[in-house]
Structure formats: structure tokens, C-alpha cells
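> coordinates only, sequence not included:
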């Protein structure tokens, strides 16, 4: 696919194309990505923000199993407003899109405690740009995280492109994690 001069139109065209290509994740790909992340994160301090996966995203529960669930925090999508962050060990409920999220009454976690954010996406490019589903939840959340927080896009290698469309509000990743490993992106500012 090519990047159109109108980023909003181009992003929607990319989303439509990528959604039609999305399939279930191969378990061996998932295990390999988790192994790379375990090796990369094992020595790091702070809390690790991760997502609870939809059926077409890499599942990271195995990462929490290996590094300890107490080190992880996760998001909740409220009825209105921005994503909130909570301990991953609390009570969970099923979101309408099929992933687990903290229940509404769970206490929030301060964002300055997050040292690494593991972020899903429909696609990423080699400069760390992310194409999400279009609601803007993760870009808004990423803009509130400390500047020193590592932002790691988690995706199968086949969904990393040379370039994807971007807009000024998009927050780029500092690293990408795939079955090829965890690597710093070309334009990372950290």
C-alpha cells in the first residue's frame, strides 16, 4: 500500500485493507514474541503497561506469567473519556470487544510509575509510527506517559511496513517487538 497525501483518508484506507487481512495469531509467533520481550524486560524496573488482547492481537498474558503479574498494569476503556490504567492483578470483566479489562471500581495507577508501555496496533512502520483502530485512545494515553517511558509496539513482523500514514497527534513507538526480536526504531527520540 502507498501513503496518500491526505493522512486521514490514507489511514482509513489502510485500516480497511488491514482489517480484511487480519487473522488469528499463530501460537508459535506469539510464544516467540513473548520470549523476546521476557529477555528484553527482565532486568527493567517500574511498571509495565500492557494490553489485554483481542482475538487478532498477540496475547501477552504469557509475558505476565513469566515476569510476574504484579509488575503489570493494564487499561480500562471507560464509557466516556480517556483510557485509565489499573493493576493487572485486580478483578476483571469482559469488554464488549472481547478482551478483559479492570472493573470500573478498581483504583487507578499513577502514570509516572509506568516505565514501559506495550502497545497493540493494526500496523507499524519502521520509524515506530502506529496505525490503530482510529478511536485515538492509545495516542491520548501515550501522550500522558512520562517521556522516559519506553513505548513498544507489539506486532507480527508481517505488519511492519516501511511507511504508514501519520498525523501530528500520533505518538510514535521507541521500539518494536515481533518474532524477529525487540529493536529500537530508526527515529526513536529516547
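Now that the structure is in, tell me what you want to look at. In this text, all values refer to a predicted model and were calculated from it rather than measured experimentally. Numbering: from 1, shown residues only.
> how near is residue 61 to residue 161?
From residue 61 across to residue 161, the span is 27 Å (Cβ to Cβ, to the nearest Å). Glycine gets a C-beta too; all of them are placed from N, C-alpha and C.
> Could you give the backbone dihedrals for the spatially closest residue to residue 164 that is not a sequence neighbour?
Distances taken as Cβ to Cβ, 6 or more residues apart in numbering place residue 125 nearest to residue 164, at 4.5 Å, with adjacent residues excluded. Here is the backbone geometry of residue 125 (degrees, to the nearest 10): phi -120, psi 170.
> Was I right to think residue 125 contacts residue 155?
No - between residue 125 and residue 155 there is no contact, the gap being 10.7 Å when judged by Cβ atoms under 8 Å.
> okay, and for this protein, where does confidence drop off?
Along the chain, segments meeting pLDDT under 70 span 1-9, 21-24, 134-136, 187-190.
> at 50 instead, please
Low-confidence segments of the chain (pLDDT under 50): 2-4, 190.
> mind listing the strands in it by residue range?
Applying DSSP state E to the chain gives strands spanning 47-50, 72-76, 84-87, 92-94, 100-102, 114-119, 123-125, 130-131, 150-154, 160-161, 175-178, 181-184.
> dump the residue contacts of the residue nearest to the spatial centre of the chain.
Geometric centre of the chain, nearest residue: residue 119, 1.0 Å, by Cα atoms, centre = their mean. Residue 119 is in contact with 51, 130, 138, 142, 151-154, 173, counting by Cβ atoms under 8 Å, 6 or more residues apart in numbering.
> Now render those residues as CSV, adding neighbour count.
Formatted as CSV, the contacts of residue 119 follow (neighbours: other Cβ atoms under 10 Å):
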residue, neighbour count
51, 21
130, 24
138, 21
142, 19
151, 23
152, 26
153, 26
154, 28
173, 27
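> Now residue 115: closest residue in space that isn't a chain neighbour?
Spatial nearest neighbour of residue 115, chain neighbours left out: residue 46 (2.7 Å); criterion: Cβ to Cβ, 6+ apart.
> Could you double-check that that neighbour sits in contact with residue 113?
Yes - contact criterion Cβ under 8 Å: residue 46 and residue 113 qualify, at 6.3 Å.
> Between the two, tell me which one has more neighbours.
Taking neighbours as other Cβ atoms under 10 Å, residue 46 and residue 113 compare with residue 46 leading, 17 against 13.
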